[in-house]
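*Asks:* could you work out the structure for the sequence below:
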Amino acid sequence: MKKDIHPDYHKITVSLADGTVFTTHSTMKGDTYSSEVDSTNHPFYTGKRQFVDTAGRVEKFKRRYGAKAADATEAAE
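*Replies:* All right, here's what the predicted structure looks like:
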């Protein structure tokens, strides 16, 4: 094997959002990793759906592109 081409592989401590802590190996820099999402709070695993405010998305789109679209249609006429 060639020397100095492989990343540093060391032990890290992983702490999950539910308080679970375990040790594993990783090439990640640092000695600890904290996760904000895991199987106890992610909607895919819990079955709880989060509804997206589609009206808010439409309004954001209109604010961002509405004036440009209106100008383009007026120029075409």
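*Asks:* let me know the pLDDT of residue 50.
*Replies:* You'll see residue 50 listed with a pLDDT of 63.
*Asks:* where in this structure is pLDDT low?
*Replies:* Within the chain, the ranges that satisfy pLDDT under 70 run 1, 50-55, 67-77.
*Asks:* do a quick rundown of the strands in the protein.
*Replies:* For the chain, applying DSSP state E gives strands covering 10-15, 21-26, 32-34.
*Asks:* ok, the last one: who's next to it in the sheet?
*Replies:* Okay, so that is strand 32-34. Here strand 32-34 is paired, per DSSP bridges, with strand 10-15 (parallel).
*Asks:* in the strand it pairs with, which residues are buried?
*Replies:* Applying a neighbour-count criterion of 16 or more other CB atoms under 10 Å, one finds 12, 14 buried in strand 10-15. Yep, even glycine has a C-beta here, placed from its N, CA and C like the rest.
*Asks:* now stretch 38-52, how far from the chain's geometric center?
*Replies:* 14 Å (CA atoms, centre = their mean, to the nearest Å).
*Asks:* let's check: the centremost residue of the protein is which one?
*Replies:* Nearest to the mean C-alpha position of the chain, by CA atoms, centre = their mean, lies residue 37 at 9.6 Å.
*Asks:* contacts only, for the nearest residue to that one once chain neighbours are set aside.
*Replies:* In this structure, residue 37 finds its nearest non-sequential neighbour in residue 17, 6.4 Å apart by CB to CB, 6 or more residues apart in numbering. Listed by CB atoms under 8 Å, 6 or more residues apart in numbering, the contact set of residue 17 reads 35-38, 40-41.
*Asks:* mind putting the residues you listed in JSON lines, distance to residue 13 included?
*Replies:* JSON lines is the format used below for these (distance: CB to CB, whole Å):
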{"residue": "35", "distance to residue 13": "12"}
{"residue": "36", "distance to residue 13": "16"}
{"residue": "37", "distance to residue 13": "18"}
{"residue": "38", "distance to residue 13": "15"}
{"residue": "40", "distance to residue 13": "19"}
{"residue": "41", "distance to residue 13": "20"}
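*Asks:* coming back round to it: between the strands of the chain, which gets nearest to residue 64?
*Replies:* Smallest distance to residue 64 across the strands of the chain (CB to CB): 34.3 Å, for strand 32-34.
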